[in-house]
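> This is a predicted model, with the sequence first.
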Amino acid sequence: MFEAFCFNKIIFAVMLSRITLLIFKAVFLFNCLDAQIEQFLFENRVHDIISQKDKISSDPNFLVQLSHAYYLTGEIDSAEKTMSECAKAFPNELSKSDSIYWLSLLKSMKKDSLFYAVLASAEFDYILGSPAHPEAFSNFDTVIHNKFVSPNKNKYHTYGLLETNEGNQYFTSINPNNKKSQTFGKPHFGIQTISNSTLSFFYNDISTSSEISYISDDQSYCLISKMSGKPSSDGTKNIQSIYVQLVDGNVTEREILLPINSDDYSVSHPYYDVKNHILYFASNMKGGLGDVDIYCVKVDSVNSNGFFISDDPKNLGDKINTPGKESFPFVDENGTLFFASNGHGGFGGLDILFSEDNLNIESLKEPFNSNKDDFFYRFSNNKGSYSSNRNGLDEVFIFNGIDYPEPEIVLDSLDISLTLDVNNESEKVSQLIYLIKVVDGVEIKVDSAFTNSKGKVEFKRLKETGVSYRLSLRTKPCGSLLDTKTGTIANDSNIVMKPNQLILGENIAQMIGIQQIIYELGSYRITEESEVLLQKLIDFLKLYPQLELQLTSHTDSRGSSSFNQKLSQNRANSVLKFLVDNGISQKRLESKGFGESHLLNDCRDGIVCSEEEHSVNRRTEFIVTRITPCNN
């Protein structure tokens, strides 16, 4: 990750009153992307923080700060390892915001097992809600994405593309002529423009970085964010949102602070919904739900003297905001709110989400979102763009042709909710549930969502009547739950699903459809018929890597006890070898022969029994010995 203090993504607050001047508490108000405003940490650089890692490791606040410093310099693996070490050493010291940051790192690193373990122990929901109208964005999956290439050939971090009706483009990128950031040693960011294929600097403050987030349709003014010139009482330099007057589309010297600014907190990424006269912005003001929340406020009027606002800003509430970080608000022509968040779960890093009613949240799918930071979504006039650091540098991706369907009035829609009934409370959370549409006997996956901390998930306002649905549980690679499907659903339903579960000590042979492993008389060689049956076990073990088994073999009572004991051990060993040869780790298996010591009926020595009765005792069993829990 790059140095640039990321516009409103990170704000360092220095608290030097505790322990020693060498311990700096960092308050990261926005999960760092790669490209925004730099803020000084009393002239101390991020690399200076990292250099102290061997000197100071007994304070959880320093370790969190160190993780963020690694993140800023692109050492994502070190960032995650530091958070893991911090959580292990100080299990009760992480805030909700710290936990969400850690979850975001785990998602980015694709460490699913540890992600689920942290999630299961979290005292807050970290899941996506059900979509409001998912079909409105069904075409996103087929959109062709292209990289935006600026005249600087994308040699520098570039993000936040805006395009006017006239085709002029504005974006934020490094100005190599600017002063260097004292934190990262790289030049500050400036706002650049392309008009008639000519690149120029639209707005540039050589002493700090700036970002443009809105420009009026008539190009009479724009809204930017940049760092305050003076630190607040606690030493933090806050980000301010500014009205900048334009003449003929060019910047003038007339800059007016928006009335929502304060010396006590940051205000960034302002976006004006001119149709509804509402100003959206991100802020860390007191009373919020997390590190940074999205707010809105009614605008009385806008003129050459700036914005006039008489109301107090309103937090968008806990359906939008989380204990994590929400920022980069944008409202499209249909009134849908888009924003970036690391607190709603998803792919990892910042994800682009949207809501039509500020209640139901849905995530954009791949390739819009990735396991890194994705943000600054814009769409108008059938063209769109968003920014991402998925390839290392911040880049802009552009796309065309989203078909927004006309709003559909449906009188008869369907609501389905499902609640998991499981013994282990920790296994209720974040289970993946698929919504499957059944048409003429053919199953089609149409949506998915994760269960919340109460084991519940909802699919609302399903609009295709005359069809039936079913729900399918797709389990994690840990825990005892197995994939399970409901029956078909045709009406509003509140379903309780009791998933199939693995049980310690249970023989799973019948569960996977193996009645008997066949051997030749007196032999332990695996027959071709048995190989076909054992393939079912191989497939099952690959599907559920959390499972460990004891392979037990039993004989009938005919023959000597010593011969039967040796034969059964060899048969169990043969099964184990066959599984290992076909890709199953030997660490998950053990073999045990019991000879004739565990008969299932009375056909012991001296008792006359039929061949059918003896065959009951000749068996191979697959006993569950360990289930990897999701909290390991």
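Sure, I can see it. Residues are numbered from 1 along each chain as shown.
> Name the helix or strand for residue 390, please.
Using DSSP states H and E, residue 390 sits in strand 383-391.
> helices and strands around that strand, which ones?
strand 158-163, strand 374-380, strand 393-400 (3 or more C-beta pairs under 8 Å, 6 or more residues apart in numbering; DSSP states H and E). Any C-beta I mention is one placed from the backbone N, CA and C, and that applies to glycine too.
> a markdown table for these, including distance to residue 335?
Converted to a markdown table, the helices and strands packed on strand 383-391 look like this (distance: least, C-beta to C-beta, whole Å):
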| stretch | distance to residue 335 |
| --- | --- |
| strand 158-163 | 19 |
| strand 374-380 | 13 |
| strand 393-400 | 21 |
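> Which of these sits closest to residue 551?
strand 374-380 (46.4 Å; C-beta to C-beta).
> list the buried ones in the closest one?
374, 375, 376, 377, 378, 379 (16 or more other C-beta atoms under 10 Å).
> could I get the helices and strands packed on strand 383-391 as JSON lines with mean pLDDT and distance to residue 189?
Below are the helices and strands packed on strand 383-391 laid out as JSON lines (pLDDT from 0 to 100; distance: least, C-beta to C-beta, whole Å):
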{"stretch": "strand 158-163", "mean pLDDT": "87", "distance to residue 189": "9"}
{"stretch": "strand 374-380", "mean pLDDT": "91", "distance to residue 189": "13"}
{"stretch": "strand 393-400", "mean pLDDT": "82", "distance to residue 189": "10"}
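> do you know which of those strands lies nearest residue 608?
The nearest among those, by C-beta to C-beta, is strand 374-380 at 74.5 Å.
> what's the longest helix in this structure?
helix 561-581 (DSSP state H).
> which other residues reach that helix?
517, 519, 522, 524-526, 531, 534, 537-538, 541, 551-557, 559, 586, 589-597, 620 (C-beta atoms under 8 Å, 6 or more residues apart in numbering).
> Tell me the gap between the strand holding residue 390 and the middle of its chain.
The chain centroid and the centroid of strand 383-391 are separated by 17 Å under C-alpha atoms, centre = their mean, to the nearest Å.
> quick one, it and strand 374-380 angle?
170 degrees (axes from the mean of the first three to the mean of the last three C-alpha atoms, to 10 degrees).
> quick revisit: quick one: buried residues of the longest helix of the chain?
Going by 16+ other C-beta under 10 Å, helix 561-581 has these buried residues: 564-565, 567-576, 578-579.
> residue contacts, the most centrally placed residue in the chain?
The centroid of the chain falls nearest to residue 346 when counting by C-alpha atoms, centre = their mean (2.8 Å). Counting by C-beta under 8 Å, 6+ apart, residue 346 touches 107, 128, 353, 363, 369.
> what pairs with the third one across the strands?
This means residue 353. residue 339, residue 363 (DSSP bridges).
> My guess is it contacts residue 343. True?
No: counting by C-beta atoms under 8 Å, residue 353 sits too far from residue 343 to count as a contact (9.8 Å).
> When those two are compared, which one has more neighbours?
residue 343 (30 against 24; other C-beta atoms under 10 Å).
> Give me the pLDDT for the more buried one.
We have a pLDDT of 81 for residue 343.
> Quickly find the element holding it.
Applying DSSP H and E, one finds residue 343 in no helix or strand.
> Please tell me how far it sits from residue 326.
From residue 343 over to residue 326 the distance is 7 Å, taken as C-beta to C-beta, to the nearest Å.
> Common neighbours of the two, please.
With C-beta under 8 Å, 6+ apart, residue 343 and residue 326 have common neighbours residue 290.
> Hmm, residue 603 is touching residue 596, no?
No: using C-beta under 8 Å, residue 603 makes no contact with residue 596, being 9.3 Å away.
> Quick check: neighbours shared by those two?
What both residue 603 and residue 596 touch, as defined by C-beta under 8 Å, 6+ apart, is the set 556, 557, 617.
> and the gap between the closest residue to the last one other than its chain neighbours and residue 563?
Counting by C-beta to C-beta, 6 or more residues apart in numbering, the nearest residue to residue 617 once its immediate chain neighbours are dropped is residue 556, at 4.3 Å. Between residue 556 and residue 563 the distance is 12 Å, computed by C-beta to C-beta.
> do residue 378 as well
For residue 378, the distance to residue 563 - C-beta to C-beta - is 78 Å.
> same check, this time on residue 521
Counting by C-beta to C-beta - residue 521 and residue 563 are separated by 12 Å.
> do the same with residue 380
Counting by C-beta to C-beta, the gap from residue 380 to residue 563 is 82 Å.
> count of residues packed around the nearest residue in space to residue 514 that is not next to it in sequence?
Leaving out its chain neighbours, the residue that sits closest to residue 514 by C-beta to C-beta, 6+ apart is residue 533, at 5.0 Å. Residues lying near residue 533 (other C-beta under 10 Å) number 19.
> mind checking the SS state of residue 311?
Look at residue 311: counting by DSSP: H, G, I helix; E, B strand; the rest coil, its state is coil.
> Quick check: bridge partners of the nearest residue to it once chain neighbours are set aside?
Nearest non-adjacent residue to residue 311, counting by C-beta to C-beta, 6+ apart: residue 298, 4.9 Å away. Counting by DSSP bridges, residue 298 is bridged to residue 278.
> before we move on, back to that, to residue 192, which of the helices and strands packed on strand 383-391 lies closest?
Of all the helices and strands packed on strand 383-391, strand 158-163 comes closest under C-beta to C-beta, at 8.5 Å.
> Please provide the alpha-carbon coordinates for that closest one, formatted as PDB.
The C-alpha trace of strand 158-163 is given here as PDB (Å, rounded to 0.1, in the frame of the first residue of the first chain):
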ATOM      1  CA  THR A 158      -5.100   7.800  -9.100                       C
ATOM      2  CA  TYR A 159      -8.700   7.700  -7.700                       C
ATOM      3  CA  GLY A 160     -12.000   9.500  -7.500                       C
ATOM      4  CA  LEU A 161     -13.000  10.100 -11.100                       C
ATOM      5  CA  LEU A 162     -15.800  12.600 -11.800                       C
ATOM      6  CA  GLU A 163     -17.000  13.400 -15.300                       C
END
